[in-house]
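S.K.: model this:
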Amino acid sequence: MPNAPSSMNAETAVYKSPQGYIKNTFLILIAFATAFFPRILNTVGVPSPINFLHFIVVPIVGVIVITKTRVKNRKQILLTWTLIFALVLLLAVMTSSALLNSAGLINVLLDFMLLAEPFILLIGIICIPFSLEGLNKFKRWILSFVIIHIFLALSQKILLEVGLLRRNGMTMEDNIQGVFYITGGGHVVSAMVAMSFSLYYFFTAKSVSILIRSAFVFAAFLVLLFADAKQVLLVYLIAWGCLILINVKDIKLTLQYIIAAIILGYILFWCVQNLPAFRAFNTWIRPEIYGPEGDATILKTAAFRIIPSYFKSSLNWYLGLGPGHTVGRLGGWMLEDYWNLLGPLGATIHPCSQAVWAVWRGQYLDSSFFSPLFGWVAIWGDSGFLGLAAYLYLASIVWRRICLDDFSKLMMLTVMVNGFIFTLMEEPGYMLSIATLIGLRWQEQRLTNAKFR
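M.R.: This is a model prediction of the structure:
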């Protein structure tokens, strides 16, 4: 009788199992597509429930991949179960908050999925025992989705210029949204996704000509410029600054980052002062609105004053006002926009949401950059300090165990920074894109680093 295969040989055998591999990666691609393409499909006539399909598909795919995967690597298995435990903890806090505040069950499910589905997709990606060839095929599919997105965004610019596309009540720049057409704030999501994937391609596709990689980044930057998504550049600069501070232990790498940051900052400042295409960035260069009593400061912090005014007990500090009851994506507009669909399912609305909107609506500072509705305050407002702690614990697992290189850390930091600006932490198309990029980098390192085996 032949000897049993070693763990490494067993893992190799798993890589050669085409049935399980094809099934799981195909399901992950479907899950990603349901969050990436529904807006553009809705725009061309598909009924609006298409926007909710990913809430069903992503968790189902996650369960199938987790239960059917044949991965044997103990580190992958342990990491998977650690993330699942953290997700269960977050759901438990949200459920407790809902019981305290009489929030509807549908509120709990939707609010949980808005925050949890990128982590569920990430679990699915790290569960798959990719071979190098299989991972490359998967990357090509994902990058083809992004190329479609960039092509659509640039086409929208041309079609708007020649008058073949309506502006849908927004400025021309706000209509540059690619596959996220047409949604409020979609131009920012469009630019963030385009830039994130183009940077990934530039830094990882080393076998491809630098001219081709640079052209990809340039096309993504055109999307950012045409969409007038100023905050995307600011987010990346802040995230990069944080990454420099984190890497201060590596003096050589830190100096390289600092020099690059200074050069990039000077180029951007020159462009803002001298090129008409960058003049819109001057909108934010008004020091008087950022002081303690400045209009921007008062508006941005409005939710911190309004939300506690609705607390009925000290428990609200720990469990918030209930899922979807404050200033997140769900309470901010989803419940109102889809009330005909969600109302009959038992959804609940809280007056706190409209109270915060009343402060922002009609303001001359109408950019999402100044919005009092943003990710971190939404998690705290809906689920209190316990909900915030549960989410940070979940994020810390990804940071410590999955973000193993500077690119992954940069992507994670952009999410953290965006959490202080608007509700991109709950934007499925953006968050699942970042989760996919982080998962890809982890898998690439697993295949090239012996310590993973």
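S.K.: Quick one: list the elements packing against the helix or strand hosting residue 88.
M.R.: Per DSSP states H and E, residue 88 falls inside helix 74-101. Identification of packing neighbours for helix 74-101 by 3 or more CB pairs under 8 Å, 6 or more residues apart in numbering; DSSP states H and E yields helix 105-127, helix 315-319, helix 375-397. Bear in mind the C-beta positions are built from the backbone N, C-alpha and C, glycine included.
S.K.: Restricting to C-alpha, output the last one in PDB.
M.R.: Translated: helix 375-397. Extracted C-alpha coordinates of helix 375-397, given in PDB (Å, rounded to 0.1, in the frame of the first residue of the first chain):
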ATOM      1  CA  GLY A 375     -19.000  55.700   7.800                       C
ATOM      2  CA  TRP A 376     -17.500  55.800  11.300                       C
ATOM      3  CA  VAL A 377     -20.200  58.000  12.800                       C
ATOM      4  CA  ALA A 378     -22.800  55.800  11.100                       C
ATOM      5  CA  ILE A 379     -21.500  52.600  12.800                       C
ATOM      6  CA  TRP A 380     -21.400  54.300  16.200                       C
ATOM      7  CA  GLY A 381     -24.800  55.900  15.700                       C
ATOM      8  CA  ASP A 382     -26.500  52.600  14.600                       C
ATOM      9  CA  SER A 383     -24.700  50.200  16.900                       C
ATOM     10  CA  GLY A 384     -22.900  52.300  19.600                       C
ATOM     11  CA  PHE A 385     -19.400  51.800  20.900                       C
ATOM     12  CA  LEU A 386     -19.800  48.000  21.000                       C
ATOM     13  CA  GLY A 387     -20.700  48.000  17.300                       C
ATOM     14  CA  LEU A 388     -17.700  50.200  16.500                       C
ATOM     15  CA  ALA A 389     -15.400  47.900  18.600                       C
ATOM     16  CA  ALA A 390     -16.700  44.800  16.800                       C
ATOM     17  CA  TYR A 391     -16.100  46.400  13.400                       C
ATOM     18  CA  LEU A 392     -12.600  47.600  14.400                       C
ATOM     19  CA  TYR A 393     -11.800  44.100  15.600                       C
ATOM     20  CA  LEU A 394     -12.900  42.600  12.300                       C
ATOM     21  CA  ALA A 395     -10.800  45.200  10.400                       C
ATOM     22  CA  SER A 396      -7.800  44.600  12.700                       C
ATOM     23  CA  ILE A 397      -7.800  40.900  11.700                       C
END
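S.K.: Isn't residue 58 up against residue 28?
M.R.: No: between residue 58 and residue 28 there is no contact, the gap being 9.6 Å when judged by CB atoms under 8 Å.
S.K.: what's the overlap in contacts for the two?
M.R.: residue 121 (CB atoms under 8 Å, 6 or more residues apart in numbering).
S.K.: on that earlier part again, what would the helices and strands packed on helix 74-101 look like in JSON lines with mean neighbour count?
M.R.: Formatted as JSON lines, the helices and strands packed on helix 74-101 follow (neighbours: other CB atoms under 10 Å):
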{"stretch": "helix 105-127", "mean neighbour count": "24"}
{"stretch": "helix 315-319", "mean neighbour count": "18"}
{"stretch": "helix 375-397", "mean neighbour count": "22"}
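S.K.: closest to residue 296 out of the ones you listed?
M.R.: Between residue 296 and these, the shortest gap by CB to CB is with helix 375-397, which sits at 15.3 Å.
S.K.: Next, the angle from that closest one to helix 105-127.
M.R.: Interaxial angle of helix 375-397 relative to helix 105-127 (axes from the mean of the first three to the mean of the last three CA atoms, to 10 degrees): 30 degrees.
S.K.: Enumerate the positions of the helix of greatest length in the chain that are buried.
M.R.: With secondary structure taken from DSSP state H, the chain has its longest helix at helix 132-161. Of all the residues in helix 132-161, those buried under the rule 16 or more other CB atoms under 10 Å are 134-135, 138-139, 142-143, 145-146, 149-150, 152-154, 156-157, 160.
S.K.: And the average pLDDT for that helix is what?
M.R.: In this model, helix 132-161 has an average pLDDT of 95.
S.K.: Next secondary structure after it?
M.R.: Remark: after helix 132-161, the chain's next helix or strand is helix 186-204, criterion DSSP H and E.
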